[in-house]
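>>> next one to model:
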Amino acid sequence: QVQLVESGGGLVQAGGSLRLSCAASTNITSFGELGWYRQGQGGRRELVASIKKVEGINYGEPVKGRLTISRDIAKNTLYLQMNSLKPEDTAVYYCDARGFDEYAREYHYWGQGTQVTVSS
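Modelled structure (predicted):
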């Protein structure tokens, strides 16, 4: 069972920055897709950013130009650098890993989430 452990969330003022980390219990290059999703209070879970093996990096429209996804393969860790934060970025941020195994069975893992709160 793959484990994804997020960290780095917290309370920040509007315009500030945070860096989220997601430590995986296995080789992150094995995932077909690795990314960040978020869910605000009462809202649905939405894509923030993802790295796909074939298609590369993709960002959700609300965060383009402000948030940057990256990974450290040696540390099996995914990052999300969040700059110019806005109150509407307030949400629980989840690390996500998905793909197909060697038997073509789909897998999908979520982390436990980390809270990001941006005050105005």
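
>>> using PDB, write out every CA atom in stretch 66-73.
Taking Å, rounded to 0.1, in the frame of the first residue of the first chain, the C-alpha atoms of stretch 66-73 are listed here in PDB:
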ATOM      1  CA  ARG A  66       1.200  31.700  -8.900                       C
ATOM      2  CA  LEU A  67       1.800  28.100  -7.900                       C
ATOM      3  CA  THR A  68       4.600  25.800  -9.100                       C
ATOM      4  CA  ILE A  69       4.700  22.000  -8.900                       C
ATOM      5  CA  SER A  70       8.000  20.200  -8.800                       C
ATOM      6  CA  ARG A  71       9.500  16.900  -7.500                       C
ATOM      7  CA  ASP A  72      12.700  15.500  -6.100                       C
ATOM      8  CA  ILE A  73      13.100  12.000  -7.400                       C
END
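
>>> and the one residue sitting closest to the centre of the chain, how far is that from residue 72?
The centroid of the chain falls nearest to residue 36 when counting by C-alpha atoms, centre = their mean (2.0 Å). Residue 36 is 15 Å from residue 72, where distance means C-beta to C-beta, to the nearest Å. C-beta here means a position set from N, CA and C on the backbone, and glycine is covered the same way.

>>> now residue 18: closest residue in space that isn't a chain neighbour?
The spatially closest residue to residue 18, leaving aside those adjacent along the chain, is residue 82, at 4.8 Å (C-beta to C-beta, 6 or more residues apart in numbering).

>>> ugh, wrong one, I meant residue 85
Here the residue nearest residue 85, using C-beta to C-beta, 6+ apart, is residue 118, at 4.6 Å.

>>> over to residue 101?
Nearest one to residue 101, counting by C-beta to C-beta, 6+ apart, is residue 107 at 5.9 Å.

>>> how many residues are close by the one you found?
Residue 107 has 13 neighbours, counted by other C-beta atoms under 10 Å.

>>> got the confidence number for it?
For residue 107, the pLDDT comes out at 94.

>>> ok, residue 41 next?
At residue 41, pLDDT is 89.

>>> what number of residues lie near it?
By other C-beta under 10 Å, 7 other residues sit near residue 41.

>>> residues in contact with it?
Taking C-beta atoms under 8 Å, 6 or more residues apart in numbering, we find residue 41 in contact with 90, 91.
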